[in-house]
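> Here is my input, please return the structure:
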Amino acid sequence: MNNAMNTAYATLVAADTVRFERILPGPVERVWAFLTESDKRAQWLAAGEMELREGGSVELVFRNSELTANDDPPPEKYARYGAESRMHGRIIACEPPRLLAYTWDGTSEVRFELSAQGDEVRLLLTHTRLPDREQMLSVAGGWHTHLDILVDRLDGRMSPGFWTTHTRLEAEYAQRIP
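Numbering: from 1, shown residues only. Model prediction:
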């Protein structure tokens, strides 16, 4: 597996858009299941139901403090996310098992694109319409942390603490993103 790709930082592709690329163990259908099935998605991002059709509803039930062991408590600014938090959206595009896009909390949009590369899968995640730099830093640190956990889950490894990692990465993005 391409470890350099799997620790790659987000790329700023527009003033309101960050993009991540990861190479994951395949096949594409397995990765698609980790994006769309509540029990599998709960292992790296959030549980919750998705109506996998254009216009369908999305509910993400976050329990970030339960994603990993040996973690720090959330930083004060994220204290409200230490327990359960919920986000609702609508499916914008759904082409199983290659494309999933939905609104994110009513203001921004997230898009997952999957493509087979031999036995591996290229995941391209693009988060657009981020309203300000503070949100961009939070989103970049969050997605980076969540995607690292996804890679670990797919590879059968334990992940370092979610909040410990997110805090470090958000500070690094504050230096990387103008």
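> quick one, what contacts the residue nearest to the spatial centre of the chain?
By C-alpha atoms, centre = their mean, the mean C-alpha position of the chain lies nearest to Trp143, the distance being 4.0 Å. When contacts are counted by C-beta atoms under 8 Å, 6 or more residues apart in numbering, Trp143 touches 10, 18, 20, 125, 127. (C-beta placed from N, C-alpha, C; glycine too.)
> same thing but 10 Å
When contacts are counted by C-beta atoms under 10 Å, 6 or more residues apart in numbering, Trp143 is found next to 10, 18-20, 45, 110, 125-127, 166, 169.
> how about these, which pair is most distant?
The distance between the two most remote of the contacts of Trp143 (C-beta to C-beta) is 19.7 Å, for Thr126 and His166.
> buried sites along the lengthiest helix in the chain?
In terms of residue count, the longest helix belonging to the chain (DSSP state H) is helix 133-155. Residues of helix 133-155 classed as buried by neighbour count (16 or more other C-beta atoms under 10 Å): 135-154.
> Can you tell me the closest non-neighbouring residue to the residue in the chain sticking out farthest from the centre?
Within the chain, the residue lying farthest from the chain centre (C-alpha atoms, centre = their mean) is Gly118, at 23.2 Å. Spatial nearest neighbour of Gly118, excluding adjacent residues (C-beta to C-beta, 6 or more residues apart in numbering): Gly26 at 7.9 Å.
> so who does the one you found touch?
With C-beta under 10 Å, 6+ apart, Gly26 has these contacts: 114, 116-122, 154.
> Over to Leu60?
38, 41-42, 45-50, 85-89, 102, 104-105, 110.
> before we move on, back to that, tell me which of the contacts of Trp143 fall in helices.
166, 169.
> Please state the backbone phi and psi of Leu52?
phi -80, psi 70 (degrees, to the nearest 10).
> Any idea how many residues pack against the residue lying closest to it once chain neighbours are set aside?
Leaving out its chain neighbours, the residue that sits closest to Leu52 by C-beta to C-beta, 6+ apart is Cys94, at 5.1 Å. Residues lying near Cys94 (other C-beta atoms under 10 Å) number 18.
> Which pLDDT value goes with Cys94?
As predicted, Cys94 sits at a pLDDT of 98.
> quick one: it is in a strand?
Yes. The assignment for Cys94 (DSSP: H, G, I helix; E, B strand; the rest coil) places it in a strand.
> Which strand residues bridge it?
Leu100 (DSSP bridges).
> contacting residues for it?
36, 50-56, 100-102.
> Check what pLDDT Asn70 gets.
With respect to pLDDT, Asn70 has a value of 82.
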